[in-house]
Structure formats: structure tokens, C-alpha cells
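> Predicted model follows, preceded by the sequence.
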Amino acid sequence: MKHYGILLVIFLSTILTHSNIYPQAFTNINVPFPGVCKSSVAWGDYNLDGYLDIVLTGFDGTNRITKLYKNVGGNSFINASGPFVGSIDDTVSWGD
């Protein structure tokens with residue numbers, strides 16, 4: 001199950017890194033997501049602004065991380081992390 005988190009991060013990085021501007025051309029866009037392993041990712045609208053935000057946990061090769069990324073519209077995300085404890089080999093999800 002944990003491998004699905006890695007695949008999802010790779011998939012999201014690929015999708016969000018390339019925006020289809022013309023039928024045969026792609027343009028690089030910047031996203032703040034770090035490369036991680038032993039990870040988990042979940043979408044949710046934590047601030048109720050209508051945009052899906054992302055929470056990501058994992059190991060970036062040096063540190064355990066848990067990060068919250070606020071979707072500010074379109075393909076734009078900003079790091080909105082608070083004082084979260086870093087985590088690896090865990091599952092992250094949203095709750096109400």
C-alpha cells in the first residue's frame with residue numbers, strides 16, 4: 001500500500017510539472033513538492049476555499065518530513081506547513 005503513495009507523488013509531480021499549453025508542446029511549471037520515499041499523500045480542502053490542498057509525509061533523503069501545501073488556485077501551491085512532526089512509513093488522511 002505504501003508504494004501507491006510513492007507512485008501518486010511521482011504522478012502528481014509529473015502532471016503538475018508539465019502543463020499542456022499547445023497540443024504538441026509542454027511548458028515547465030514550478031511546484032514546491034519535494035521528492036520523497038516511504039511516503040503518503042492526501043488531498044483535502046483544509047481552509048474551505050474550494051481548492052484541494054495537499055498534505056505529504058515521507059523521507060527526503062536527509063529528514064523525515066510532514067508538509068502541508070495550500071492550493072492558491074490553478075497549478076499554484078505554497079508551503080503552509082506548521083510545526084508538524086516528520087514522519088515516514090505512515091499513512092496520512094484528512095478528517096472532519
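Received it, and whenever you're ready, just let me know what you need. Numbers count the residues shown, from 1 in each chain.

> quick one: buried residues of the lengthiest strand in the chain?
Longest strand in the chain by number of residues (criterion: DSSP state E): strand 64-73. Residues of strand 64-73 classed as buried: R64, I65, T66, K67, L68, Y69, K70, N71 (neighbour count, 16 or more other C-beta atoms under 10 Å). Placement of C-beta: from N, CA and C, glycine included.

> who touches the closest residue to the first one other than its chain neighbours in this structure?
Counting by C-beta to C-beta, 6 or more residues apart in numbering, R64 lies nearest to G86, which is 3.0 Å off, once chain neighbours are set aside. Under the criterion of C-beta atoms under 8 Å, 6 or more residues apart in numbering, the contact list for G86 reads T57, N63, R64, I65, T66.

> wouldn't the third one be in contact with D90 here?
In this case it means R64. No - counting by C-beta atoms under 8 Å, R64 does not reach D90; the two are 9.5 Å apart.

> What helix or strand is W94 located in?
In the assignment (DSSP states H and E), W94 maps to no helix and no strand.

> what about the closest residue to it other than its chain neighbours, neighbour count?
Sequence neighbours aside, G44 is the residue nearest to W94 in space, at 3.3 Å (criterion: C-beta to C-beta, 6+ apart). A count of nearby residues for G44, using other C-beta atoms under 10 Å, gives 15.

> quick one, what contacts G44?
Residues in contact with G44 (C-beta under 8 Å, 6+ apart) are L52, D53, V55, W94.

> hmm, 10 Å instead?
L52, D53, I54, V55, L68, V92, S93, W94, G95, D96 (C-beta atoms under 10 Å, 6 or more residues apart in numbering).

> Mind checking which of those are buried?
Judged by 16+ other C-beta under 10 Å, buried ones among the contacts of G44: D53, I54, V55, L68, V92.
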